[in-house]
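A.B. asks: sequence? don't have it. structure:
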């Protein structure tokens, strides 16, 4: 019997190795898998490469992972905002590497990995420093930049509902990067607000099919707040 439910977030991330590339869903705090991130902090993996839309907010979630000095490099679109003090401090001190990717390009590169594409051409970034050293071509009178897919060892995402096969639905804007990250990672780990029986999710409503999901953990909202002391 296929059953992808695990008892705890700690068990779900227990084998994540040092140096792994980890995609983390979320748009700011919307859809951020905070409990999985906290479990990863407690687990202790280091030298991680993190792919996320931004570089953390405040000092919780992704920012807490950065503060714990577990991340070697971050690939993101919005590294700085009013509450990005953790990333700002690390970057200014030369303690973290940044690869800045326009948001559309970030999504496109993740989608390319999930679709098995070798590369994609995008007009975004042409003629700027972001295109330095990259192949460019012209199609239909418009210039494009060659961008490579972004693959991950692990994706940590948050879903609204999940069944034991790993079929997922999301809640409103919490959906964001989760579906495409699930397809681009070798192992997808999900924290879900609700676990449901097979058949409770209408097949027409499934956003991420279970074939792209390996592990699911039920997380109550109170369990997301902070890593263990």
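C.D. replies: Great, that's in hand. All values reported here derive from a predicted model rather than from experimental measurement. Numbers count the residues shown, from 1 in each chain.

A.B. asks: that's a helix at residue 107, yeah?
C.D. replies: Yes. According to DSSP: H, G, I helix; E, B strand; the rest coil, residue 107 belongs to a helix.

A.B. asks: from residue 37, how far off is it?
C.D. replies: 21 Å (Cβ to Cβ, to the nearest Å). Where C-beta positions appear, they are placed from N, C-alpha and C, glycine not excepted.

A.B. asks: these two: which is more packed in?
C.D. replies: For the pair residue 107 and residue 37, the greater number of neighbours falls to residue 37 (28 against 18), based on other Cβ atoms under 10 Å.

A.B. asks: next secondary structure after the helix or strand encompassing the more buried one?
C.D. replies: Secondary structure assignment for residue 37, by DSSP states H and E: helix 34-43. Going down the chain from helix 34-43, the next helix or strand is strand 48-51, by DSSP H and E.

A.B. asks: what's whatever helix or strand comes next after that next one packed up against?
C.D. replies: Downstream of strand 48-51, the first helix or strand assigned by DSSP H and E is helix 62-67. Packing partners of helix 62-67 (3 or more Cβ pairs under 8 Å, 6 or more residues apart in numbering; DSSP states H and E): helix 34-43, strand 48-51, helix 85-92.

A.B. asks: how about the contacts made by residue 107?
C.D. replies: 177, 180 (Cβ atoms under 8 Å, 6 or more residues apart in numbering).

A.B. asks: number the residues from 23 up from this point.
C.D. replies: Taking 23 as the first residue, the last one we looked at is residue 129.

A.B. asks: ok, it to residue 135 distance?
C.D. replies: Taking Cβ to Cβ, one finds residue 129 at 11 Å from residue 135.
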